[in-house]
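Peer 1: Dropping the sequence and predicted coords here.
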Amino acid sequence: MPESHIQDLFAERIGGRQYGKSNAIYKFEKIKRAKRAAMAAHPGAEIIDLGIGHTFDLKQDIVRMLKQPFAIDDFVPFINELEPGRSLLYLGDNAGEIVFDRVLVEHLLQLKIKVVFCVKSGPIINDATLEDAKASGMTALVPMLETGSNAIGVDWARSSAEFRKAVAQADIIVAKGHGNFETCIGHPGNFFFLLKAKCELVAQELGVRLGDTVFKHVSS
């Protein structure tokens, strides 16, 4: 998929084509200003986050991430869980990373894992929706599920019964990003959280440094 197409999707999702025409876009501008201030205070504390509209170099960001070791790396426990026929619920994060999610999903399918990919039910910041999943080709690979809301992470009070049932029945749950970690930690399930610690509170909760990347197993 051309990189320009992905960037066009982001432009449309964040309101770039309707900038200045509604209060929602004005609120988004305030979010961008807050994000720029946070970046100035903590340089380098990003993964790939195009939803706030800051300047980025996609190729350099990918190279940097591939070289950065995990501060918490529960890869071996994850591999041990991957027995043929088991079910895995994959909670996606942002729309840009879904093309990388597809690579992992393809590998999981080769291992005979039954994967269901989950997206938001409506746009929120830059989180992936069904439209993004279709654009990336994910819908052609595995069954899709929506959370039932457009909340950041999972709003359990507003989530659909279908989503809650899928979480309860999944053998394995991969939950990507800050929002999913903050809203799913402590919820019953066999979770593998994949995220970068972008704020002090989450870094402290995980016992890592700000900016560290984590793949953490939490089962309850």
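Peer 2: Good, I have the coordinates.
Peer 1: What are the boundaries of the helices in the protein?
Peer 2: Counting by DSSP state H, the segments of the chain that form helices are 3-13, 23-41, 58-67, 75-81, 98-110, 130-136, 161-169, 177-184, 200-206.
Peer 1: domain ranges for the chain?
Peer 2: 3-66, 68-219 (automatic domain parsing).
Peer 1: How confident is the prediction for residue 113, by pLDDT?
Peer 2: On the pLDDT scale, residue 113 is placed at 97.
Peer 1: any idea how far the nearest residue to it once chain neighbours are set aside lies from residue 97?
Peer 2: Computed as CB to CB, 6 or more residues apart in numbering, the closest residue to residue 113 that is not its neighbour in sequence is residue 88, at 5.1 Å. Quick note: C-beta positions are derived from backbone N, CA and C, even for glycine. Residue 88 sits 17 Å away from residue 97, going by CB to CB, to the nearest Å.
Peer 1: which residue is nearest the middle of this protein?
Peer 2: The residue at the geometric middle of the chain, judged as the C-alpha nearest the mean C-alpha position with CA atoms, centre = their mean, is residue 93 (1.6 Å).
Peer 1: Ignoring the adjacent residues along the chain, who's closest to it?
Peer 2: Of all residues not flanking residue 93 in the chain, residue 177 sits nearest, at 3.4 Å (CB to CB, 6+ apart).
Peer 1: The residue lying closest to residue 185 once chain neighbours are set aside and residue 72, how far apart?
Peer 2: What sits nearest to residue 185 in space, not counting adjacent residues and going by CB to CB, 6+ apart, is residue 218, at 6.5 Å. Note on residue 218: its distance to residue 72, by CB to CB, is 11 Å.
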